[in-house]
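Asker: sequence first, predicted coordinates after that:
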Amino acid sequence: MGLKLILFIPLIEIVLFILFGDLFGFFQAILAIIISIFFGLWLLFPKNKVENIQKIGLEPVDWICKRIAGIFLIIPGFFTDTMGILLLIKSMRPLLWLLIPGQLKKFTSSFTRKQGFKQNNKKDENQKIIDAEYKDLDD
């Protein structure tokens, strides 16, 4: 299902571009695509280069969805723009979760916060700290 949808997206984009171009006009459709590209770039590359997630108050999922929405908005077309806008709305994210293939859902469900923290704690327990004194011979 997922691969078929990915191969079908360019056809959907062409049909939607023809429909919106016919409905609103060619130049307005091109202008809408250009505006969405600039908005996607603004989402993907924020003004402040060092973005601290804790400082802003974003959860990692929100940060990831914001970046993916930026990528979708950069891709020219109305279908991907709609998906990008839906990703920005928190309540609409479960709707997009239905479009994700089952194999990818199983792969992502294996990564949970608790498992990540457990693995980090196990690494800390197994590490041995060795104190040593040294001299820098180059000085």
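Answerer: Arrived safely.
Asker: neighbours of residue 36, how many?
Answerer: Residue 36 has 22 neighbouring residues, counting by other CB atoms under 10 Å. To be clear about C-beta, it is placed using only N, CA and C from the backbone, and glycine gets the same treatment.
Asker: so for it, what pLDDT did the model give?
Answerer: Note for residue 36: predicted pLDDT of 93.
Asker: quick check: it touching residue 73?
Answerer: Yes: contact criterion CB atoms under 8 Å: residue 36 and residue 73 qualify, at 4.8 Å.
Asker: got any residues that touch both of the two?
Answerer: 81, 84 (CB atoms under 8 Å, 6 or more residues apart in numbering).
Asker: just the helices in the chain please.
Answerer: 2-24, 26-44, 53-56, 60-74, 78-88, 93-97, 102-109, 113-126 (DSSP state H).
Asker: Serialize those helices to CSV and add fields for distance to residue 134.
Answerer: Compiled in CSV, the helices of the chain are given as follows (distance: least, CB to CB, whole Å):
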stretch, distance to residue 134
helix 2-24, 54
helix 26-44, 45
helix 53-56, 35
helix 60-74, 39
helix 78-88, 51
helix 93-97, 52
helix 102-109, 45
helix 113-126, 24
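Asker: which stretch in those has the least confidence?
Answerer: Among the helices of the chain, helix 113-126 scores lowest, with a mean of 49.
Asker: and residue 70, how many neighbours?
Answerer: Residue 70: 20 neighbours (other CB under 10 Å).
Asker: got the contact list for it?
Answerer: So residue 70 contacts 40, 41, 42, 43, 44, 84 (CB under 8 Å, 6+ apart).
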